[in-house]
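Peer 1: missing the sequence, but the structure's below:
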DNA sequence: AGTAGGACCTGGTGGC
DNA sequence: TGCCACCAGGTCCTAC
């Protein structure tokens, strides 16, 4: 449950407030958000919609987006990859991708709007679902049942790593078709859905694999280790309600705890918990990449360079 | 098919 | 103190 902030200086009391200070939402952060929305939003009716940053709406046009949503009840909240899916009356779906800095906040309408609000969905119970997004990368999509059945608004997505169907054999199958450097491959949503920079680095460390290893160079044992590691770090992230790097604290804000589980991410130059070697940070495929040079030994085959 | 780089964005940080 | 270049990273797009 969220905590309640009681102000004695005339500030509103944030009862039933739901705040997220999660940065960089990946699968566990989105899963946590969806679980909260399932509990607190399903059954409510969207009465009114306002959009203050037009490009936050990815589909359809704003002229269609707003009137089509009005009066619809939220029937279910689910997740696919890093997408939040709100099923509405008539089978329409409001799909949300938080990208880098998106937040969904559920607050009493009388409370002050948080910074960077891009869209507000006024509910029938006096609350508002607020989409805040500092860097404006996040997107909202409204799709019809036919569009959703045709795969909109999703790009090609790989298997869900926490599904029971994502067995070792299933991982071998998707990996066998791919080549290239491990780190960018793990970030490729069409390979396995839901990993981002944090959990990709953590999975590689847990599996003892150097981020520059080539996918096709892995032994059977290393493939099994990587499969186990992906599932483990994501499951641990979900259990910890996500990873929070917040620059500010609020008395009513919910916060994930997985940052305390991280072995290498954002631990540059700090000692590896396993062997004490300073964690190294390099730029790989345009992303900062963290690894332990001892636990994750260098690729056995020399990379073509120089 | 893969790789690289730019674009989208803005607040925070560090250098001068 | 003030300015400014740079960085953060999810995804799409283009080019090679």
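Peer 2: Cool, got the structure. Quantities reported herein were computed from a predicted structural model and do not represent experimental measurements. Numbering: from 1, shown residues only, chains lettered A, B, ... in the order given.
Peer 1: Residue A:65: neighbouring residues, count only.
Peer 2: 21 (other C-beta atoms under 10 Å). In short, each C-beta sits where N, CA and C put it, glycine included.
Peer 1: For it, give its distance to residue A:77.
Peer 2: To residue A:77, residue A:65 is 19 Å away according to C-beta to C-beta, to the nearest Å.
Peer 1: cool, residue A:217 as well?
Peer 2: Per C-beta to C-beta, residue A:217 is found 41 Å from residue A:77.
Peer 1: what does residue A:123 give?
Peer 2: 14 Å.
Peer 1: Return the residues of chain A in contact with DNA strand C.
Peer 2: Contact residues, chain A versus DNA strand C (C-beta under 7 Å from any atom of the strand): A:24, A:26, A:81-82, A:97, A:99-100, A:135, A:137, A:155, A:187, A:189, A:196-198, A:266, A:283, A:286-288.
Peer 1: Residues of the stretch 151-300 of chain A that sit close to DNA strand B?
Peer 2: Counting by C-beta under 7 Å from any atom of the strand, the residues of the stretch 151-300 of chain A near DNA strand B are A:178, A:179, A:180, A:181, A:184, A:247, A:285, A:286.
Peer 1: Closest to DNA strand B out of those residues?
Peer 2: Within those, proximity to DNA strand B (C-beta to the nearest atom of the strand) peaks at residue A:180, which comes in at 2.7 Å.
Peer 1: May I have the phi/psi pair for the closest one?
Peer 2: For residue A:180, the backbone dihedrals (degrees, to the nearest 10) come out as phi 110, psi -180.
Peer 1: ok, how many other residues are close to the residue nearest to it when sequence neighbours are not counted?
Peer 2: Among residues not flanking residue A:180 along the chain, residue A:215 sits closest, at 5.9 Å (C-beta to C-beta, 6 or more residues apart in numbering). Residues near residue A:215, counting by other C-beta under 10 Å, number 19.
Peer 1: and what of the one 10 residues further on?
Peer 2: For residue A:225, the tally of surrounding residues (other C-beta under 10 Å) stands at 17.
Peer 1: what about it, which SS state?
Peer 2: Here residue A:225 is helix, with the state taken from DSSP: H, G, I helix; E, B strand; the rest coil.
Peer 1: shouldn't it be in contact with residue A:208?
Peer 2: Yes - with contacts counted by C-beta atoms under 8 Å, residue A:225 reaches residue A:208, the gap being 6.6 Å.
Peer 1: Please, where are all the helices along the stretch 1-150 of chain A?
Peer 2: A:27-40, A:62-69, A:145-149 (DSSP state H, counting those that start in this stretch).
Peer 1: Would you tell me which one of the ones you listed is buried the most?
Peer 2: helix A:27-40 (a mean of 21; mean count of other C-beta atoms under 10 Å).
Peer 1: quick one: contacts of that one?
Peer 2: Here helix A:27-40 makes contact (C-beta atoms under 8 Å, 6 or more residues apart in numbering) with A:16, A:18, A:20, A:22, A:25, A:76-79, A:81-84, A:86, A:98, A:104, A:106, A:161-162, A:193-196, A:199, A:234, A:237-238, A:240-243, A:254, A:256, A:258.
Peer 1: swap the cut-off to 6 Å and go again
Peer 2: With C-beta atoms under 6 Å, 6 or more residues apart in numbering as the contact definition, helix A:27-40 has outside contacts at A:18, A:22, A:77, A:79, A:82, A:84, A:104, A:106, A:194, A:234, A:237-238, A:241-242.
Peer 1: What average pLDDT does that helix get?
Peer 2: Mean pLDDT, computed over helix A:27-40, is 90.
Peer 1: Could you do stretch A:102-120 as well?
Peer 2: On average, stretch A:102-120 scores 90.
Peer 1: Buried ones in it, by neighbour count?
Peer 2: For stretch A:102-120, burial by neighbour count (16 or more other C-beta atoms under 10 Å) applies to A:102, A:103, A:104, A:105, A:106, A:107, A:111, A:116, A:117, A:118, A:119, A:120.
Peer 1: what's the answer for stretch A:44-57, then?
Peer 2: Buried-residue list, stretch A:44-57, by 16+ other C-beta under 10 Å: A:44, A:46, A:49, A:51, A:56, A:57.
Peer 1: Contacts only, for the residue nearest to residue A:148 when sequence neighbours are not counted.
Peer 2: In this structure, residue A:148 finds its nearest non-sequential neighbour in residue A:93, 5.1 Å apart by C-beta to C-beta, 6+ apart. Residues in contact with residue A:93 (C-beta under 6 Å, 6+ apart) are A:85, A:87, A:143, A:148.
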